[in-house]
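Chemist: I need the structure of the sequence given here:
(one chain, ligands or ions: 1)
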Amino acid sequence: MGTPAEDCIEFLERICWGGTPQCPYCQSTNSTAIRQERRYHCNTCFNSYSVMVGTLFHGSKVPLAKWFRAIHLYLDKDLKIKSLSTRDLASRINVNKNTAASMLKRIRSSLESDKRLLKAILSKRLEDSDGTE
Ligand SMILES: [Zn+2]
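Modeler: Here you go, the predicted structure:
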């Protein structure tokens, strides 16, 4: 097991790709790993990508472990929204209020577009790194 960050990204790769990286731009599975960044270079269309492209995490500076925790705090196992204010989330995962608000917005829009991913994350037992929960 690696760090919590590696653990989260491995988990995402497993649920999104089932072990074989697939280019989100051309769907090719012919790729070369860029190890230190946990990204992949597509040998078909020459883009590089990570498993986060096309997910709610794409382009976010918030570490995945905090995202996973936010999803657990905000949704129950049936993807029902729990009562969690922006302020609560911000203090529970230690981000500022604007960040927390935009995270909740992304999670809510994923309830429409990416249920499978959210369900998988909710079924993951989180490493209790910071003692919240
Ligand atoms: Zn490609």
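
Chemist: For this structure, which residues are neighbours of the ion?
Modeler: Residues of the chain found near the ion (Cβ under 5 Å from the ion) are Cys23, Tyr25, Cys26, Ser28, Cys42, Thr44, Cys45. C-beta here means a position set from N, CA and C on the backbone, and glycine is covered the same way.

Chemist: Quick check: the second one touching Cys42?
Modeler: Read it as Tyr25. Yes: contact criterion Cβ atoms under 8 Å: Tyr25 and Cys42 qualify, at 6.8 Å.

Chemist: Would you mind grabbing the residues shared as contacts by the two?
Modeler: Tyr49 (Cβ atoms under 8 Å, 6 or more residues apart in numbering).

Chemist: and the two? which has more neighbours close in?
Modeler: Neighbours per residue, other Cβ atoms under 10 Å: of Tyr25 and Cys42, the larger number sits with Cys42, 21 against 15.

Chemist: partners of the more buried one in the sheet?
Modeler: Assessed by DSSP bridges, Cys42 has beta-bridge partners Ser31.

Chemist: Can you tell me how far it is from Asn98?
Modeler: Between Cys42 and Asn98 the distance is 34 Å, computed by Cβ to Cβ, to the nearest Å.

Chemist: So what does the most far-flung residue of the chain relative to its centre look like in phi/psi?
Modeler: Of all residues in the chain, Thr44 has its C-alpha farthest from the mean position, at 25.7 Å, by Cα atoms, centre = their mean. Torsion angles at Thr44 (phi, psi; degrees, to the nearest 10) stand at phi -100, psi -50.

Chemist: Provide a list of residues in contact with it.
Modeler: Cys23, Cys26, Ser28, Asn30 are the contacts of Thr44 under Cβ under 8 Å, 6+ apart.

Chemist: show me what contacts the closest residue to it other than its chain neighbours?
Modeler: With sequence-adjacent residues excluded and distances taken as Cβ to Cβ, 6 or more residues apart in numbering, Thr44 is closest to Ser28, at 3.6 Å. Ser28 is in contact with Gln22, Cys42, Asn43, Thr44, Cys45, counting by Cβ under 8 Å, 6+ apart.

Chemist: No more questions from me, cheers.
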